[in-house]
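Chemist: Test case, fold it:
(2 chains)
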There are 2 protein chains.
Amino acid sequence: MTAPNRAPRALLPEGLRDDLPPWAEYEAQMVDRLMAVAAQHGYRRVAPPLVEFEDSLLASSADQRAHFPDHAQERMAERAQSMFRLLDPVSQKMMAVRSDMTLQVARIATARMGAWGRPLRLSYAGHVLRVKGTQLRPARQFRQAGVELIGSRSLNADLEIIALATLALRDLGIAGLSVDLVSPTLVSAIAQQLGLDDAAAHEARRALDAKDAGALADFGDEARGLLTDLMAVAGSAVEALDRLDALPLIGEAAVIRDNLGDLARAVSDRIDDLAVTIDPGESRGFEFQTGVGFAFFAAHVSGELGRGGRYEVIAPDGREESAVGFSMYLDSLLRAVPEPTEKPRIYLPFGTEMADAQRLRVVGWRTVQGLEPVDDIIVQAGLEGCSHVYENGLARSLDDRTPLSEE
Amino acid sequence: MTAPNRAPRALLPEGLRDDLPPWAEYEAQMVDRLMAVAAQHGYRRVAPPLVEFEDSLLASSADQRAHFPDHAQERMAERAQSMFRLLDPVSQKMMAVRSDMTLQVARIATARMGAWGRPLRLSYAGHVLRVKGTQLRPARQFRQAGVELIGSRSLNADLEIIALATLALRDLGIAGLSVDLVSPTLVSAIAQQLGLDDAAAHEARRALDAKDAGALADFGDEARGLLTDLMAVAGSAVEALDRLDALPLIGEAAVIRDNLGDLARAVSDRIDDLAVTIDPGESRGFEFQTGVGFAFFAAHVSGELGRGGRYEVIAPDGREESAVGFSMYLDSLLRAVPEPTEKPRIYLPFGTEMADAQRLRVVGWRTVQGLEPVDDIIVQAGLEGCSHVYENGLARSLDDRTPLSEE
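Modeler: As a prediction, the model looks like this:
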C-alpha cells in the first residue's frame, strides 16, 4: 500500500509555483510584519473567503455600473475576465475565485460591519488568483495585503494611509522609497471646465495618460495650452507643485488640484525620507479612485510596490461612504527586499537530552534531532541543512569544528 | 463615480464565511504559532499553489492506483469528487483547487526537493476548499497546517511528530489533550495470518471499524475469537497494551502489533500530560497509512483536533520513501482554544504628537489616531473600539476616566 503522491514530470500550470525554503517562510513573515504594523495603528484584520458568488466580486448590479465612467466600465469587464469561475453545486449559482480583495473588504465594511463605528480601520491579507498572467506580472497566484480606512473624508485619512504604507515598507527593509501622487479625476474636471464633449474628454485623458502632447494638436488653443501645461507638471513635488498651483483652474478642477497639492505638501512635510512626485494628469490604473491615488516605488526596483487611493463605497442601504486604502502584492515586494537567510540550525546527535534541546530552542536555535545513531555526525548535520552540531554541551560550527559558544 | 462594491443582500455561498475582528487575526496568529513551533524543531516551510493540474492532486497514474487496496481506491474517488475543477485557458488542461495539502507537500519533497538531504522536515499552512461540506464539518473553506518528516523509518520519527503536535497544541492553550493511536494495516495482516479471503478480510475490517461484534458471527472459531479479542483491546494504553501483547499474532501481524505497542509506550513514557489510547482494530480514515496513525482530541471538545501517521511516498524516479506527518484544521482548533481578546486600543485625540503615538505603540498599545477634532472624545473612542483615550500624557480608561498609568 502506497500513498498517492507520485507527481512525476507533471509540471505546475504556468504562472503557479511552489515556494521552497527559505522563501515560503520569508513571504509569510513579510505578510505578518505588514499586518503587525497595521494592527499597531488600530487596523483590525478581516478575512473574506477565497470564493464568492461571482456577482458579489463584480458588484454587477446595473444601477451601480451606471455610476461608472466609460474607462471604469472597461476595467470592470477586465476584472470579470480575470477571474476563474466555478459552478456551486449547492446553490447552482456561479461563483468565482477572487482576483482582488479590496472589493471583498469594502463589502465586509458595509454589509457586515455597517453597525461598527466610523472611521473603520481594516486590514487583510490573502491569496488571489488570476486566469492569465501579464507581461509585468506573469504569476497567476500571489498574495495581496493591505489596509482600508472607511468613513472619513479628511485629508488626514489619506495622509495616515500613505504614512502607514511608508512605515510598513521601511519595516520590511526596503530603502529608497518614493510615492507618486495622482489625481485621476482632474482631467475630466478640466474637460468640464473647458466645455469639452465626451469624445474630446476621452481623448484628453488618453493623451495625458500616454504623455502624448501631439495628440492635443486638434484641441482649441485654450484647451491645448491648459492640457499641455498640465502634462508638464509631472515630477518631483518640490518643483512641480508651484507649476500645479499656477494652472488657471476654477470650480471642481481647482478643488481637485488643491486637494492634490495639500496632500503632497502634507506628505512632504510630515513623512521623512520619502521622495514625493506628482503626476496630476495621470488616471490610468486608478479608474475607480474618486480622490488622490498613489503608488509606491523603490530605487533600483522596477515596477510599483503597491498602490492605493480614495474611493467611494455604497452600503446595502444606499448610504455612500468615502474610503482610502492601499494594497501591496508580495511578488512585487519580494523583488525589493533583501535575500532571506536561514536562522541557525543545530544538529542534535541521537540521544541528546530533551532538556538540552529545549534550552537551545529558547535561546533561538532551530534544533534538528538525530533520529538514530549515524557514522559521521558532521556529514549528517550538513545533509540536514545545519550550520552547527551540538557536542559535549557546545555548539560547533560545521566549518571549523572549533567551539563557537557555550550552549 | 462610485467604486463597485455594493454587495447588498448577496449572502455568501453556503459553507463560506467572512472572518471578522478579532477572529481573523486570532486564526492567523494560531497558524503563525504552529509554524513557529515547527520551525524551532527544524521544520522548513513550503508553500504549494492553491491550484494545480487535477492529475497532480489525485496521483491518478494507473500503476500507482494499482498499489492501493479497495478501501483506499474509494477514498481516492471521494477526493476527486471533493475538489472544484477549473479549465486552465493557458494549457487547456483541467486544474483543481486543492482540498488537502499533504499530497502537495509529498510532491514537493520528492519532485522538487529530491536532492535535499534526508530526513527532510517540512511544514506548511494554507487554505483548502471542498465542493461540499459534511455534517461534521460544514465549512467548505478552511485552513490546514501541518508538518511532514520524510525519509526515516525510525520509530523516533513517529515519536517526534506526536511530541511536536502535542507541544504545538499545548502552545495554543489547549488543555486536556489525548492521542488515539491506530494501526490501520493490522486487520489485513491478521486476515492474512488467518488465511481469510478478500471478501472476508473486507468484512473483518468493516466489523472492526464499526465495533460490530455481531458481524463476526459467521467467521470460524479462531478468526472470531482473535478479531473479537482485538476489538476489546481499544482503550487507555495503560490497560490495553497488555491485552494487545497477549494476542496470538505471528509474522507481519506481530510486527505491526509490536510497532504500535512500542510507539504507544514511548509516547506514554516521554510525553508528559498526554493521555494515550489505542484502537488497534480501527482503520477508517487512515486508508493511506502504512504504519501507525493517530488523532488528537481535547477534553470537552467534540471531534478530533488533527490527525496524522506514517505513509509511503514515491519519487519521480520510482524510489520509495517512508514519511510521517500530521495535519491540523483551524476550524477544529478554534473550537478548542480560549476566546480571543483584543489588545488594548487607545484613542489619540486629533493633534496628538506622532512621537507620543510611537511611544505608546512601542510599549504595546494599539493606537487609533483621531483624524479631526470631535465634540466628545470619549464617545468617539468608544465608536472606534478603544478601551482608553490619551489625555495629557496619560492613558485613561473609558470606564472610569481615572488615570490608569503613565503613558
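Chemist: distance between the ends of stretch A:295-310?
Modeler: End-to-end distance for stretch A:295-310, by C-alpha to C-alpha, to the nearest Å: 12 Å.
Chemist: Can you pull out the low-pLDDT segments for chain A?
Modeler: A:1-10, A:59-71, A:401-407 (pLDDT under 70).
Chemist: Domain-wise, how is it divided?
Modeler: Domain assignment of chain A by automatic domain parsing yields the ranges A:16-174+A:306-341, A:185-284, A:345-406.
Chemist: Find the helix or strand that the residue nearest to the spatial centre of chain A is a member of.
Modeler: When C-alpha atoms, centre = their mean is applied to chain A, the residue found nearest the centroid is A:Met328 (1.1 Å). If you go by DSSP states H and E, A:Met328 is part of strand A:320-329.
Chemist: on that earlier part again, who's in contact with the residue nearest to the centre of chain A?
Modeler: A:Leu34, A:Gln144, A:Ala145, A:Gly146, A:Ala165, A:Ala168, A:Leu169, A:Leu305, A:Gly306 (C-beta atoms under 8 Å, 6 or more residues apart in numbering or on different chains). The way it works is simple: take the backbone N, C-alpha and C, and place the C-beta from them, glycine included.
Chemist: One more: A:Tyr390?
Modeler: Taking C-beta under 8 Å, 6+ apart, one finds A:Ile346, A:Tyr347, A:Leu348, A:Pro349, A:Thr352, A:Asp356, A:Leu360, A:Arg396, A:Glu407 in contact with A:Tyr390.
Chemist: Output the longest helix belonging to chain A.
Modeler: helix A:251-270 (DSSP state H).
Chemist: picking that back up, which of the domains of chain A is buried the deepest?
Modeler: Scoring these by mean neighbour count under mean count of other C-beta atoms under 10 Å in any protein chain shown gives domain A:16-174+A:306-341 as the most buried, with a mean of 20.
Chemist: quick one: strands adjacent to the strand holding A:Met328?
Modeler: strand A:141-150 (antiparallel), strand A:306-314 (antiparallel) (DSSP bridges).
Chemist: what's the angle between the shortest one and helix A:251-270?
Modeler: Between the axes of strand A:306-314 and helix A:251-270, defined by axes from the mean of the first three to the mean of the last three C-alpha atoms, to 10 degrees, the angle is 130 degrees.
Chemist: Which residues of the stretch 201-350 of chain A lie near chain B?
Modeler: A:270, A:288, A:290, A:311-314, A:316, A:320, A:323, A:343, A:345, A:350 (C-beta under 8 Å from any C-beta of the partner chain).
Chemist: Point me to the residue of the stretch 101-250 of chain A nearest chain B.
Modeler: Here the residue of the stretch 101-250 of chain A nearest chain B is A:Gly117; by C-beta to the nearest C-beta that distance is 2.8 Å.
Chemist: B:Ala381 is in contact with that residue, correct?
Modeler: No. Contact criterion C-beta atoms under 8 Å: A:Gly117 and B:Ala381 do not qualify, at 9.4 Å.
Chemist: where exactly do the helices run in chain A?
Modeler: Under DSSP H, chain A gives helices at A:23-40, A:54-58, A:62-65, A:70-82, A:102-107, A:155-171, A:186-193, A:198-209, A:221-231, A:237-246, A:251-270, A:330-334, A:354-362, A:377-383.
Chemist: right, so of those, which gets closest to A:Arg137?
Modeler: helix A:330-334 (6.7 Å; C-beta to C-beta).
Chemist: Check which helices and strands that closest one sits against.
Modeler: helix A:23-40, strand A:141-150 (3 or more C-beta pairs under 8 Å, 6 or more residues apart in numbering or on different chains; DSSP states H and E).
Chemist: Please name the nearest non-neighbouring residue to A:Ala207.
Modeler: Excluding its sequence neighbours, the residue lying closest to A:Ala207 (C-beta to C-beta, 6 or more residues apart in numbering or on different chains) is A:Ala215, at 3.8 Å.
Chemist: tell me the contacts of that neighbour?
Modeler: A:Ala215 touches A:Glu203, A:Arg206, A:Ala207, counting by C-beta under 8 Å, 6+ apart.
Chemist: Single out the residue in the stretch 251-400 of chain A that lies closest to chain B.
Modeler: A:Leu383 (2.9 Å).
Chemist: which residues sit in contact with that residue?
Modeler: Residues near A:Leu383 by C-beta under 8 Å, 6+ apart: B:Gly117, B:Arg118.
Chemist: Also A:Arg243?
Modeler: A:Asp229, A:Ala232, A:Val233.
Chemist: Recalculate using a threshold of 10 Å.
Modeler: By C-beta atoms under 10 Å, 6 or more residues apart in numbering or on different chains, the contact list for A:Arg243 reads A:Asp229, A:Leu230, A:Ala232, A:Val233, A:Ala234, A:Gly235, A:Ile278, A:Pro280.
Chemist: Please identify which of the helices and strands packed on helix A:330-334 is closest to B:Ile150.
Modeler: helix A:23-40 (16.1 Å).
Chemist: tell me the angle the closest one makes with helix B:354-362.
Modeler: 120 degrees.
Chemist: On the strand side of things, show who the closest residue to A:Glu148 other than its chain neighbours bridges to.
Modeler: Spatial nearest neighbour of A:Glu148, chain neighbours left out: A:Gly325 (3.6 Å); criterion: C-beta to C-beta, 6+ apart. Using DSSP bridges, the bridge partners assigned to A:Gly325 are A:Glu148, A:Gly309.
Chemist: Let me know whether A:Gly325 touches A:Val105 as I believe.
Modeler: Yes. With contact defined as C-beta atoms under 10 Å, A:Gly325 reaches A:Val105; the gap is 7.7 Å.
Chemist: shared neighbours of those two, which are they?
Modeler: A:Leu122, A:Ser123, A:Tyr124, A:Gly146, A:Val147, A:Glu148, A:Ile150.
Chemist: mind listing what the first one touches?
Modeler: I take that to be A:Leu122. A:38, A:43-46, A:105-106, A:108-109, A:113, A:116, A:146-150, A:323, A:325, B:20-21, B:24.
Chemist: rewinding a little: with distance to B:Met83 as extra columns, can I get the helices and strands packed on helix A:330-334 in CSV?
Modeler: Shown next, in CSV, are the helices and strands packed on helix A:330-334 (distance: least, C-beta to C-beta, whole Å):
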stretch, distance to B:Met83
helix A:23-40, 22
strand A:141-150, 16
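Chemist: wait, which of those is closest to B:Ser332?
Modeler: That would be helix A:23-40 among the helices and strands packed on helix A:330-334, by C-beta to C-beta, at 21.4 Å.
Chemist: what's the angle from that closest one to helix A:155-171?
Modeler: 150 degrees.
Chemist: quick one: is helix A:23-40 near chain B?
Modeler: Yes. Using C-beta under 10 Å from any C-beta of the partner chain, helix A:23-40 reaches chain B at A:23-29, A:31-32, A:35-40.
Chemist: How far does that helix sit from its chain's centre?
Modeler: 13 Å (C-alpha atoms, centre = their mean, to the nearest Å).
Chemist: Likewise for stretch A:88-108?
Modeler: 20 Å.
Chemist: before we move on, what about stretch A:327-338?
Modeler: 8 Å.
Chemist: List the contacts of A:Leu305.
Modeler: Contacts of A:Leu305 by C-beta under 10 Å, 6+ apart are A:165, A:169, A:172, A:174, A:177-179, A:295-298, A:326, A:328-329, A:332-333, A:335-337.
Chemist: at 7 Å what do you get?
Modeler: A:Leu305 is in contact with A:Leu169, A:Phe296, A:Phe297, A:Ala298, A:Met328, A:Ser332, A:Leu333, A:Ala336, counting by C-beta atoms under 7 Å, 6 or more residues apart in numbering or on different chains.
Chemist: Name the nearest residue to it, ignoring sequence neighbours.
Modeler: A:Leu305 sits nearest to A:Phe296 (C-beta to C-beta, 6+ apart), 4.5 Å away.
Chemist: Likewise for A:Glu282?
Modeler: Here the residue nearest A:Glu282, using C-beta to C-beta, 6+ apart, is A:Val182, at 4.3 Å.
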